[in-house]
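Undergrad: starting from these lines, generate the structure:
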Amino acid sequence: MKDSVRTSFWVILYSFLAGVSLALFANIPDLIKYVFSLLALYIGIRFFRRFETVGLRVAFIVLAIVFYFLAALCYAMYVYIKDNPIPA
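TA: Residues are numbered from 1 along each chain as shown. A predicted model of the protein is given here:
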């Protein structure tokens, strides 16, 4: 039980970091965006070296995509609220 909780924590942490890195890559227009792309690639490589089962790898990819969409949605809401203030 303890190992499965620890493994779940690591899968969620790695996928969160990869998803947020991909969202930053998609939303930053400068040249620095490629650093986040390389960071996401590095996180993926580290995860695949650490966990060798197919189920955990699929869970990592699916959760990274979910976290990417959540981070992109939060960023889009932030930009919309910043650009369109509520009239008084």
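
Undergrad: can you get me a residue count around the closest residue to residue 14 other than its chain neighbours?
TA: Distances taken as CB to CB, 6 or more residues apart in numbering place residue 47 nearest to residue 14, at 4.4 Å, with adjacent residues excluded. Every residue, glycine included, has its C-beta placed from N, CA and C. Residue 47 has 21 neighbouring residues, counting by other CB atoms under 10 Å.

Undergrad: check which helices and strands the helix or strand residue 47 falls within sits against.
TA: Element membership for residue 47 (DSSP states H and E) is helix 33-50. For helix 33-50, the elements it packs on are helix 2-27, helix 54-83, judged by 3 or more CB pairs under 8 Å, 6 or more residues apart in numbering; DSSP states H and E.

Undergrad: need these in JSON lines with mean neighbour count, can you?
TA: Output for the helices and strands packed on helix 33-50, formatted as JSON lines (neighbours: other CB atoms under 10 Å):
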{"stretch": "helix 2-27", "mean neighbour count": "16"}
{"stretch": "helix 54-83", "mean neighbour count": "14"}
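
Undergrad: export those helices to a markdown table and tack on distance to residue 43 and mean pLDDT?
TA: A markdown table is the format used below for the helices and strands packed on helix 33-50 (distance: least, CB to CB, whole Å; pLDDT from 0 to 100):
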| stretch | distance to residue 43 | mean pLDDT |
| --- | --- | --- |
| helix 2-27 | 5 | 94 |
| helix 54-83 | 9 | 95 |
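
Undergrad: coming back round to it: run through who's touching the helix holding residue 47.
TA: 10-11, 14-15, 17-18, 21-22, 24-25, 28, 57, 60, 64 (CB atoms under 8 Å, 6 or more residues apart in numbering).
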